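Trainee: structural data only, the sequence is not supplied:
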């Protein structure tokens, strides 16, 4: 039985149960109970999470949605791009110590016409920022030989159908589409 560890933000939390169903009995799929939030939070939490999930064969991981959030207009994205990439490098270093096959997933877009969550107060997301952070992360992963699961492009294919009324998280069709893509990528890179 292959051991799969899913790491990431709330988007991961939406699709993880369906991924377990799709992969079936040949895979043991695990994930932390909590949201991986921004990259620095995930990095700090690895020291607690990884001992709970020893010896994964495959790790499917994302960070970026929180990192690209704009809390205060004058500050721009919550995590500056150079800091985001440096933190991804640090996460990657720790994940490699497990010996697992690692997959990085790009950050999904938000609804472009509805940049705020449910009020006129931040956080706000700008898809141009998400694309910029994804491009930098993909360059890093290519340089490091890490397969990329382009969930961003997938959701961009039908933002109206795949994103829920909160304008950020996946709707039921989005959950299914993301779960199918994650399960397929896991099967594709199986060690």
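Mentor: Received, thanks. Keep in mind the model is a prediction, meaning the values are calculated, not measured.
Trainee: low pLDDT regions in this protein?
Mentor: For the chain, residues meeting the criterion pLDDT under 70 lie at 113-122, 191.
Trainee: tell me the contacts of the residue nearest the centre of it?
Mentor: In the chain, the residue lying closest to the centroid (Cα atoms, centre = their mean) is residue 62, at 2.4 Å. Listed by Cβ atoms under 8 Å, 6 or more residues apart in numbering, the contact set of residue 62 reads 7-9, 11-12, 36, 104-107, 151. (C-beta placed from N, C-alpha, C; glycine too.)
Trainee: next one: stretch 12-28 to chain centre, how far?
Mentor: The chain centre lies 15 Å from the centre of stretch 12-28; the measure is Cα atoms, centre = their mean, to the nearest Å.
Trainee: what of stretch 57-77?
Mentor: Using Cα atoms, centre = their mean, the offset of stretch 57-77 from its chain centre is 9 Å.
Trainee: can you check stretch 156-163 too?
Mentor: The answer for stretch 156-163 is 17 Å, by Cα atoms, centre = their mean.
Trainee: and that stretch, end to end?
Mentor: Taking Cα to Cα, to the nearest Å, stretch 156-163 runs 10 Å from one end to the other.
Trainee: contacting residues around it?
Mentor: By Cβ under 8 Å, 6+ apart, the residues outside stretch 156-163 that reach it are 109-112, 154-155, 169-171, 173-174, 177-178.
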